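In: Dropping the sequence and predicted coords here.
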Amino acid sequence: MTNHTPLPPARGCRDVPILKERGQREVFCGLTGIIWLHRKMQDAFFLVVGSRTCAHLLQSAAGVMIFAEPRFGTAILEEKDLAGMADAHEELDREVAHLLSRRPDIRQLFLVGSCPSEVIKLDLARAAERLSKVYAPHVRVLNYSGSGIETTFTQGEDACLAAMVPELPATEARELLLVGALPDVVEDQALSLLAGLGVDRVRCLPARRAEDAPAVGPNTVFALTQPFLGDTHAALEHRGARYIDAPFPFGEEGTTAWLGAIAQEFGVRPERFESVTAAPRARARKAIAAQAADLNGKRVFFFPDSQLEVPLARFLTRECGMEAVEVGTPYLHRGICAPDLDLLTEGPVISEGQDVDLQLDRCRAARPDLTVCGLGLANPLEAEGLRTKWAIELVFTPVHFYEQAGDLAGLFSRPLRRRAKLSGLEQLPERAAP
Ligand code: SF4
């Protein structure tokens, strides 16, 4: 335990009753994760086996890349595939052969399932196994589902990483594994802080290149950087690795607690922890304070979307002075989120799943100052006079650790500041006509 272990409130949310809803949902599908995963894994290719809708989603989410060779694509299932009139496996084999002959730089190929491939029960696990035998050892072929049938958009990353875990080599080494696809610059900051603490046998999942893939075994300890990695967590435990339980590294307090848990695991002395973290902690607090002035005393309502909702509610209430009205999350992994729930003061409704009409009614009745929600709900709510923040920005923007803590707070303060400025403009007296 470090001197900076955060003090929990008198009553946290770990044991509060959860409002569980199972109705209509408004979320993106798991294909969205390809946008940040393909940037992270520099020799991987993501081949979505899906429809034109899937191709459009990817293209519009990623922007059209004209000059670069993209590292994702869609093998389009045509009507004859969907009607079972063609052998989709044969067509897939042809597509993969064509792709790999053109792109010798590809070392990992992910066959990504979609709603259409799942509806016609195309067995991509069998296809991956077959293709792996053909292209090994140069290319490893894996599969996972990014379909929207039962997922929310961050589950795509979880499914991808969980698919990699059984293939990782075994080790007896005592190593720390950081799990979650962070932007390189943010990952480097974490590695530098850990090196400062003397924790230097650190590997990352996913690795930037296939040849750097980590090994895993009974002496591996792992820390998650994202709360939506439940299946990956289970897969790593299945390989004998042990989880380091901690709040997530959002904000100064979350980052300090996350680093503190690792420091404790590796026996780092408190003085060393203090000397390594004091300056970045101070910078983070200052950066958050600059944004928190606009957030203090404001009420926030989370619709379920990114699965980051619980740690973010902890950050906004404890470090930015906000009050949480409802913290909705698509799935609540109590084991993973328990340290954040402990630090979240009892009071907000904690809801899991969604019945969007009922939740909209609750939101309209509460009239929060800020609503964090998906793109589909943001515009209608703005039209009703509510301020919104798109949840998807939270995974596209670097928000982890000390140096990004001010930017994280800024993501929430900006919509409120913009509104204040617009109201100011509306209140300006009209200029007299010349
Ligand atoms: S996977 Fe499903 S939800 Fe996602 S774009 Fe394709 S059809 Fe739509």
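Out: Here it is on my side, so go on.
In: where does the stretch 251-400 of the chain dip in pLDDT?
Out: By pLDDT under 70, the stretch 251-400 of the chain has no low-scoring segment.
In: Tell me the residue of it that sits nearest the ligand?
Out: As assessed by C-beta to the nearest ligand atom, the ligand sits closest to Gly376 within the stretch 251-400 of the chain, at 12.3 Å. No exception for glycine: its C-beta is placed from N, CA and C like everyone else's.
In: Torsion angles phi and psi at the nearest residue to that residue once chain neighbours are set aside?
Out: Of all residues not flanking Gly376 in the chain, Glu26 sits nearest, at 4.8 Å (C-beta to C-beta, 6 or more residues apart in numbering). Dihedral angles of Glu26 (phi, psi; degrees, to the nearest 10) stand at phi -130, psi 80.
In: Might one say that Glu26 is in contact with Pro380?
Out: No. Taking contacts as C-beta atoms under 8 Å, Glu26 lies outside contact range of Pro380: 10.3 Å.
In: Between the two, which is the more surrounded one?
Out: In this comparison of Glu26 against Pro380, neighbours counted by other C-beta atoms under 10 Å, the higher total goes to Glu26 at 16 against 12.
In: Next one: that one from the ligand, what distance?
Out: 12 Å (C-beta to the nearest ligand atom, to the nearest Å).
In: show me the residues around that residue that make contact.
Out: 303, 354, 356, 373-374, 376-377 (C-beta atoms under 8 Å, 6 or more residues apart in numbering).
In: Tell me the one among the residues you listed nearest to Leu37.
Out: Nearest to Leu37 out of the contacts of Glu26 is Gly374 (C-beta to C-beta; 19.7 Å).
In: Can you give me the neighbour number for the closest residue to the closest one other than its chain neighbours?
Out: Once flanking residues are discounted, Gly374 sits nearest to Asp305: 4.8 Å by C-beta to C-beta, 6+ apart. Asp305 is flanked by 29 other residues according to other C-beta under 10 Å.
In: same check, this time on Arg318
Out: Neighbours of Arg318 (other C-beta under 10 Å): 20.
In: Residues of this structure that sit close to the ligand?
Out: 29, 31, 50-51, 53-54, 57, 114-115, 146-148 (C-beta under 6 Å from any ligand atom).
In: ok, now with 8 Å
Out: 28-31, 48, 50-51, 53-54, 56-58, 114-116, 146-149 (C-beta under 8 Å from any ligand atom).
In: Which of those residues fall in helices?
Out: If you go by DSSP state H, those have 53-54, 56-58, 115-116 in helices.
In: which helices and strands does whatever helix or strand the residue of the stretch 251-400 of the chain closest to the ligand lives in pack with?
Out: With secondary structure defined by DSSP states H and E, Gly376 is part of helix 375-383. With contacts defined as 3 or more C-beta pairs under 8 Å, 6 or more residues apart in numbering; DSSP states H and E, helix 375-383 has these neighbours: helix 356-366, strand 370-373, strand 388-390.
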